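K.L.:
Fold the following for me, if possible:
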Amino acid sequence: MSNIVIIPTYKEKENIEALVKSIFALDIPFDILIIDDNSPDGTADIIKDLQKTFPNLFLIERPGKLGLGTAYLAGFRFAIEHGYDLIYEMDADFSHDPADLPRLFRTCNDEKADVAIGSRYISGVNVVNWPLSRVLMSYFASIYVRFITGMKIMDTTAGFKCYHREVLENILPNQIKSVGYSFQIEMKFIAWKLGYRIVEIPIIFTDRKMGSSKMSGGIFNEAIWSVMRMKVRSWFIRYKRNGERR
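P.N.:
Numbers count the residues shown, from 1 in each chain. Reported below is the predicted structural model:
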């Protein structure tokens, strides 16, 4: 199984080198694709320097902040075009522990999940260094999403995931409307509507120690309305798969 980890970045110079080296030090081989939105702090320059040492480190540079969703969609298309079997999402700030990547791999490769989610809420609330207000906002956002959509996923807003390529090949023809925080919800929703097996594994999510957060209350508010629009749109869409994994 060939693996690629997609990591969007914006102003992550404090974290990105250590993260890249941590992933490449794992026993399971992972390639890495960085999608950088013209970070003014030189994040892309650090990646270019690391590419001299790591030939399986790739970089897509974009002209500005174009949204998390469009970054991942660009990464998914790259991964599909290059024939990767398992395609991963993770944040650049160590809130997702690189040591958990092999667990996502085993869930999809050995346990035959179609989508594996690193879940903060499948075994209680496993979040470190978040203020209580943010924990509650995130936790109840997932409850709201489950209520509106009918999904049984505990961590509906999770951004640490692994997909089989076939799943993304079938998701991408559906029009993904979300570009921000709600993108993560919409991807899970379409995978669920397509009937794929989604498995959550417990992780400990640790808030960033270096760099600045891009999260805000406005992002959550945008997601609330996006979920409602997504649900209404789904009433007029016939979800179907075009291929099956061998």
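
K.L.:
what about the helices in the protein?
P.N.:
Per DSSP state H, the chain carries helices over the ranges 16-24, 43-50, 68-81, 101-109, 132-149, 165-171, 183-193, 217-234.

K.L.:
Tell me, what's the model's pLDDT at M1?
P.N.:
On the pLDDT scale, M1 is placed at 84.

K.L.:
start the count at 272, not 1, going forward
P.N.:
Got it, first residue is 272 now, which makes that one M272.

K.L.:
if we can go back for a sec, switch the helices of the chain over to JSON lines; also include mean neighbour count.
P.N.:
(Each C-beta comes from the backbone N, C-alpha and C, glycine too.) Output for these, formatted as JSON lines (neighbours: other C-beta atoms under 10 Å):
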{"stretch": "helix 287-295", "mean neighbour count": "18"}
{"stretch": "helix 314-321", "mean neighbour count": "18"}
{"stretch": "helix 339-352", "mean neighbour count": "20"}
{"stretch": "helix 372-380", "mean neighbour count": "20"}
{"stretch": "helix 403-420", "mean neighbour count": "15"}
{"stretch": "helix 436-442", "mean neighbour count": "21"}
{"stretch": "helix 454-464", "mean neighbour count": "23"}
{"stretch": "helix 488-505", "mean neighbour count": "15"}
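
K.L.:
looking at those helices, which is closest to R512?
P.N.:
Nearest of the helices of the chain to R512, taken as C-beta to C-beta: helix 436-442 at 4.9 Å.

K.L.:
Report the rounded mean pLDDT for stretch 368-381.
P.N.:
In the prediction, stretch 368-381 has an average pLDDT of 98.

K.L.:
do stretch 469-477 as well
P.N.:
The model assigns stretch 469-477 a mean pLDDT of 95.
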